[in-house]
Structure formats: structure tokens, C-alpha cells
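>>> Need coordinates for the below:
(2 chains)
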Amino acid sequence: DAKTTQPTSMDCAEGRAANLPCNHSTISGNEYVYWYRQIHSQGPQYIIHGLKNNETNEMASLIITEDRKSSTLILPHATLRDTAVYYCIAENAGGTSYGKLTFGQGTILTVHP
Amino acid sequence: EADIYQTPRYLVIGTGKKITLECSQTMGHDKMYWYQQDPGMELHLIHYSYGVNSTEKGDLSSESTVSRIRTEHFPLTLESARPSHTSQYLCASSEPRGTSGNTIYFGEGSWLTVV
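The predicted structure follows:
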């Protein structure tokens, strides 16, 4: 899996958009970009993933640059319950790493009232 | 919402005891995983399975063992618990790859404390 780099922590005001960046400059053509989050003491929760195109679901939007070397997770209207650790993962589509995720340190997002 | 369940959620046990952490999923997923996470630290994969009768060691060495006799169950066992095994253990499963990648669903975790 490609290595990803994320800021250690970020703050966001409640109701504002939270934009979480991720660098994955060594990503290969068949690696998806996944975002998960982990609220304190709970299991990680899947948010969104993409390969080349921008994606949107009920939780968030994922913007992937054209060269795929970086991406941004957008929470359009952050709430206090979005305070969590956010993980950006680039996953190999095949080989021995198939289906396994390598979690890094992630970004601690704190949403303030 | 993912249908993957772990029991017990919290367990305090004495050194030397044998414990089994249960994990079950009702989604029919072939692939299942166990991750270990110490408080404030990264998740580490310790075991995974591609299906019935398949078990593999993960990236982090663990003294625990796993079994996969049925698709829906993936229990983790520690034959003789030690304080160094104190941690949170997270079970997960994933749907078939298809053309949309491989989304992994996690249980809520089992907090193990060995005293």
C-alpha cells in the first residue's frame, strides 16, 4: 500500500466545512483512496472511497486531484459528533495486501461549538 | 450500518487465564480480520482470514490464535493471558472486491484488561 501523509490535528467550527487533506504521492494506478474515522473507543467507521473521480455520499465528499497524488475529505457541515480521528488509506487492489488496511496516525479533528 | 458484533465489549481477567473473544457477522462476508489497538495508538492487523478454514498472521506478531470454522464466526483466543495483552481488539469483515474496491466494516471492539 502507498504511504499516506496527514496533518496530526485540525480544528473546525461547528456548522462550517471541515476539509481534511491527505498526500499519497506514491499511489499506484490500482490503489483506491479510502477514508475512515474512529470516534473515541469505538471501531473505525467507513466514510467514503474513490479511485479517480470525485465522490459524494451522505456523510462526506472526496476530492482527488487529477494526478491522484493527494485528496481532500470534506465534511460539509461539521457537528460536534464529527470529532474523531480520520484515517486516509491507499489500498492495493491485489497481491498479498489484498483486503488489508494499513492505518497510520490519522488526523485528529476537533469540532468546536 | 454494518452487522458485525463482538463480545464481550469489556473484560477484566487474571493472568494465566484462557480467553476467547467472539466475533460474528451476518453479512456473509468471506474476509474477516482482527486488529489490535492500544489507547491513543495505531491499529495493527494481527490476524485475517479469506474464508472458511483460512487463517493468516497479520503484520503485527501476536500470541493469540484464531479459527474460521464457519463463515460468520471468527473467534480470537489467548491460551494464557498476560498483562502485555491488555489492549483493544477490533474485529472486521469486508465485502467482495468487485469493481468498487474493498470496504471494511468494523465491530465496536473488545477491551481486554489482564491483571
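
>>> How many residues are close by residue A:57?
11 (other C-beta atoms under 10 Å in any protein chain shown). Using the backbone N, CA and C atoms, a C-beta is placed for each residue, glycine as well.

>>> Which residues of chain B lie near chain A?
B:2, B:31, B:33, B:35, B:42-45, B:48, B:50, B:58-59, B:88, B:90, B:92, B:94, B:97, B:100-109, B:111 (C-beta under 8 Å from any C-beta of the partner chain).

>>> Please, where are all the helices along chain A?
Using DSSP state H, no helices are found in chain A.

>>> If you could redo that for chain B, that was the one I meant.
Under DSSP H, chain B gives no helices.

>>> Let me see the ranges of the strands in it.
B:4-7, B:10-13, B:19-25, B:31-37, B:43-49, B:56-57, B:65-66, B:76-78, B:87-94, B:104-106, B:110-114 (DSSP state E).

>>> Mark which of the residues of chain B next to chain A are buried, thanks.
B:2, B:31, B:33, B:35, B:42-45, B:48, B:58, B:88, B:90, B:92, B:94, B:101-109, B:111 (16 or more other C-beta atoms under 10 Å in any protein chain shown).

>>> Could I get the buried residue list for stretch B:56-70?
B:58, B:62, B:64, B:66, B:68.

>>> give the contact list for the last one.
It refers to residue B:68. B:32, B:49, B:51-55, B:74 (C-beta atoms under 8 Å, 6 or more residues apart in numbering or on different chains).

>>> Please determine how far the residue in chain B that chain A sits nearest to is located from residue A:66.
Closest to chain A within chain B is residue B:106: 3.3 Å, counting by C-beta to the nearest C-beta. Plainly put, residue B:106 is 32 Å away from residue A:66 if you go by C-beta to C-beta, to the nearest Å.

>>> List the strands paired with the helix or strand of chain B at the bottom of the mean pLDDT ranking, with their directions.
Ranked by mean pLDDT, DSSP states H and E, the weakest helix or strand in chain B is strand B:104-106, scoring a mean of 90. Looking at strand B:104-106 with DSSP bridges, its partner strands are strand B:87-94 (antiparallel).
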